[in-house]
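Visitor: sequence first, then the predicted structure:
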Amino acid sequence: MPKIVRTPEHLRLEEAREGKKWRRWGTYLSERQWGSVREDYSASGDAWNYFPFDHAHVRAYRWGDDGLLGFCDNRGLMNFSVALWNGKDPILKERLFGLSNPEGNHGEDVKEVYYYLDATPTHSYVRALYKYPHREFPYQALREKSRKASKHDREPELEDMGVFEGDEYWDVEVEYAKGGCEDVLVKLTVTNRGERARLVVLPQLWFRNTWSWGDDPTVIGPRPNMYRGGKDFVITEQVHLGRRLLYADGASRILFTDNDTNKRALGWGENERPYTKDAFHRAIVKGDANATNSRDEGTKVGALWELELAKGESATIRLRFCDEIKDKPFDDFDVTFGARKEEADAFWNAIMPQGMTDDARRVFRQGAAGLLWSKQFYFFDVERWLRGDPKSPAPPVERRAGKNAEWTHLFNSEVLSMPDKWEYPWYAAWDLAFHSIPIALFDPELAKQQLHLLTREWYMHPNGQLPAYEWRSVT
């Protein structure tokens, strides 16, 4: 019989099965929340136009959040991602851009270059790569080129727009490693592939907006808060997650704002609070010195680095997010990363069948990484969505006969396997079942849990139907 190997990652999986919270934090943050059915409160069900990409940096989401290669807890209450600015773009690069279904000549389509490179089932080590052009990102040009293309033409891609010519781009490698269940180390390695250039890097941490909708505060708890704890660290407080700290090694500034909609920017009236979701965009891109909170508190924080690198030069940015005060938070940083990488190697070497070629092993491991990175926190309470929120205008009555109207029992608040976190940032019963086959090779407990969820009474319809997908569950 083959020898059974129990690596440190196998032990973490066993501990998770017994109740230890190795699965609490992971790369569960969506890459697109705008244009989703959950955020659509229109009469016609036109989700793409009700909440378009151009609103994403100024409007607080109702049911989730999104960001660039980020992580969050398994209830999506606290989120982390990376924002970038090349000095030319009209907005901060906070999320992946893509065309909506009406804009793309083949429907919705992400227009970015990024790769999921590695992951372990407990997210004890994960790695991904994003390529960011030196030149202005061609948001409008991609829309126009796609508009002129027919359904018989190939899809225009970012590479077709000339923005990578002469290797004029940045490689931004994002790595996460866990020092413990509640201890997440973050390493950003920025490499300039082109001529000397400048780049603003803004890792940001924020609370999902749970306070603007009029829910009972005795249920959701008091408004969470973040505030400066010292020169290079921030303290966060949230009723369910408790007190946590974000350490930023060598950040030039730490900026604070609130994750609240900028109603004034949308022409929706005056803002209820002075600091809004788009404050970092206004401070960095627009040069608005009054955009952020000078009192160093809020519900969204960003740690700022301003880099200038020659061709081929790299810079490393280090952060740590944990639940304990650490006098020297970065002393064991490199050792911890090295250990988690070695443990990831050991885990995958034990999992993969014998006799595979090196190329096949790389494909297997990166394919598994894609599955693990594509898990997403998904929140959707259909009855509440149809009814609307106490502090918001009542949704049009037409919705009661529209999408998902017969699925008022459906309540999803879980990390689920997604077909893709941008083009399909919602689960589909058939895809989830297919995913569970390869997932069972390296995380059978997760595969079982995902399939079991579909048959629970808050998923399955009383008539026995499984929920299909959010665009039409569901009918």
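Guide: Alright, I've got the coordinates.
Visitor: what about the longest helix in the chain?
Guide: helix 333-351 (DSSP state H).
Visitor: report the buried residues of that helix.
Guide: 333, 336-337, 339-341, 343-344, 347-348, 351 (16 or more other C-beta atoms under 10 Å). The C-beta positions use only the backbone N, C-alpha and C, and glycine is treated the same way.
Visitor: helix/strand/coil for residue 206?
Guide: Three-state call for residue 206 (DSSP: H, G, I helix; E, B strand; the rest coil): strand.
Visitor: quick check: the gap between it and residue 89.
Guide: Residue 206 is 21 Å from residue 89, where distance means C-beta to C-beta, to the nearest Å.
Visitor: the stretch 351-475 of the chain: strands as residue ranges?
Guide: Along the stretch 351-475 of the chain, the stretches classed as strands by DSSP state E, counting those that start in this stretch are 375-381, 411-417.
Visitor: can I get those in JSON lines including distance to residue 215 and mean neighbour count?
Guide: What follows is the strands of the stretch 351-475 of the chain, written out as JSON lines (distance: least, C-beta to C-beta, whole Å; neighbours: other C-beta atoms under 10 Å):
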{"stretch": "strand 375-381", "distance to residue 215": "11", "mean neighbour count": "22"}
{"stretch": "strand 411-417", "distance to residue 215": "14", "mean neighbour count": "20"}
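Visitor: any chance of those in CSV, plus distance to residue 292 and mean pLDDT?
Guide: Formatted as CSV, the strands of the stretch 351-475 of the chain follow (distance: least, C-beta to C-beta, whole Å; pLDDT from 0 to 100):
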stretch, distance to residue 292, mean pLDDT
strand 375-381, 27, 97
strand 411-417, 32, 97
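Visitor: so can I have TSV of those showing distance to residue 179?
Guide: Conversion of the strands of the stretch 351-475 of the chain to TSV gives the following (distance: least, C-beta to C-beta, whole Å):
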stretch	distance to residue 179
strand 375-381	21
strand 411-417	21
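Visitor: for residue 278, give me phi and psi.
Guide: phi -90, psi 20 (degrees, to the nearest 10).
Visitor: for the closest residue in space to it that isn't next to it in sequence, phi and psi?
Guide: Leaving out its chain neighbours, the residue that sits closest to residue 278 by C-beta to C-beta, 6 or more residues apart in numbering is residue 58, at 4.5 Å. Note on residue 58: its backbone torsions stand at phi -120, psi -20 [degrees, to the nearest 10].
Visitor: next up, the contacts around residue 58.
Guide: Applying C-beta atoms under 8 Å, 6 or more residues apart in numbering to residue 58 gives the contacts 261-262, 265-266, 276-278.
Visitor: packing partners of whichever strand or helix holds residue 315?
Guide: For residue 315, the host element (DSSP states H and E) is strand 314-322. The elements that strand 314-322 packs onto, with contact taken as 3 or more C-beta pairs under 8 Å, 6 or more residues apart in numbering; DSSP states H and E, are strand 169-180, strand 183-192, strand 197-207, strand 242-248, strand 300-309.
Visitor: now these in TSV, with distance to residue 137, mean neighbour count and mean pLDDT?
Guide: Shown next, in TSV, are the helices and strands packed on strand 314-322 (distance: least, C-beta to C-beta, whole Å; neighbours: other C-beta atoms under 10 Å; pLDDT from 0 to 100):
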stretch	distance to residue 137	mean neighbour count	mean pLDDT
strand 169-180	11	21	98
strand 183-192	17	20	98
strand 197-207	13	22	98
strand 242-248	26	19	98
strand 300-309	18	20	98
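Visitor: surely residue 161 and residue 140 touch.
Guide: No: contact criterion C-beta atoms under 8 Å: residue 161 and residue 140 do not qualify, at 10.7 Å.
Visitor: those two: which is more packed in?
Guide: Taking other C-beta atoms under 10 Å, residue 161 and residue 140 do not tie; residue 161 has more neighbours (17 against 10).
Visitor: what's the distance between the more buried one and residue 285?
Guide: For residue 161, the distance to residue 285 - C-beta to C-beta - is 21 Å.
Visitor: give me the low-pLDDT residue ranges for the protein?
Guide: For the chain, applying pLDDT under 70 flags the ranges 1-4, 473-475.
Visitor: what strands flank the strand holding residue 315, and is each parallel or antiparallel?
Guide: The pairing partners recorded for strand 314-322 under DSSP bridges are strand 183-192 (antiparallel), strand 242-248 (antiparallel).
Visitor: could you list the residues in contact with that strand?
Guide: With C-beta under 8 Å, 6+ apart, strand 314-322 has contacts from 80, 179-180, 182-192, 201, 203, 205, 244-250, 303, 305, 307, 309, 326, 329-330, 333.
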